[in-house]
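predicted model, plus sequence, below.
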Amino acid sequence: MPHFSRRLADESGYVAVWTVVIGSALMLAGGVVYDSADKANEARRVTMVANEAGRAAAQEASPEVIAGSSAGVDPARAAQAARDYLAATGIDGEVSVSGTSVTVTTSQGWTPKIMPVLQPDTLTATSVVDLERVDPGVAP
């Protein structure tokens, strides 16, 4: 029995095992945090691009808007402005113009960079921009 109790009292290798266990857990948690933050940043970017493409489309007002007689957009120019903006950013999207409303829907694929256990996803965002006439001195 003295030989058995001496083996239990021997702690050689004890620190190495805990270092491997704790180190692996920290690396796993760090990878999940990194990939989750990356996904959130990409989702924010996709949303921002949809908003900015809608803004670019809404700036393509028809000549009647400039004259103050109508609140409309030139549908062809508005759609092209939004598509040009999307092309410049490299994000896929669809643009539709209906009356005074410009709708831009963007989508971007996302894959994890560190943790392959996280599932790839498609991030989408939709922006609807309304162009309305505001009379001088009247707040919307």
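Noted; the coordinates are in hand. Numbers count the residues shown, from 1 in each chain.

CA only for contacts and neighbour counts going forward, please
OK.

mind naming the longest helix for this protein?
helix 14-58 (DSSP state H).

which strands and helices sit next to that helix?
Where contact means 3 or more Cα pairs under 8 Å, 6 or more residues apart in numbering; DSSP states H and E, helix 14-58 is packed against helix 75-89, strand 101-110, strand 121-130.

how about low-confidence regions in this structure?
For the chain, the stretches flagged by pLDDT under 70 are 1-13, 61-73, 131-140.

what residue lies at the spatial centre of it?
By Cα atoms, centre = their mean, the chain has its centre lying nearest to A43, at 1.5 Å.

look up how far D35 lies from that one.
Distance from A43 to D35, counting by Cα to Cα, to the nearest Å: 12 Å.

counting neighbours, what do you get for the closest residue to T89 other than its chain neighbours?
Spatial nearest neighbour of T89, excluding adjacent residues (Cα to Cα, 6 or more residues apart in numbering): V49 at 7.6 Å. Neighbour count of V49, defined by other Cα atoms under 10 Å: 27.
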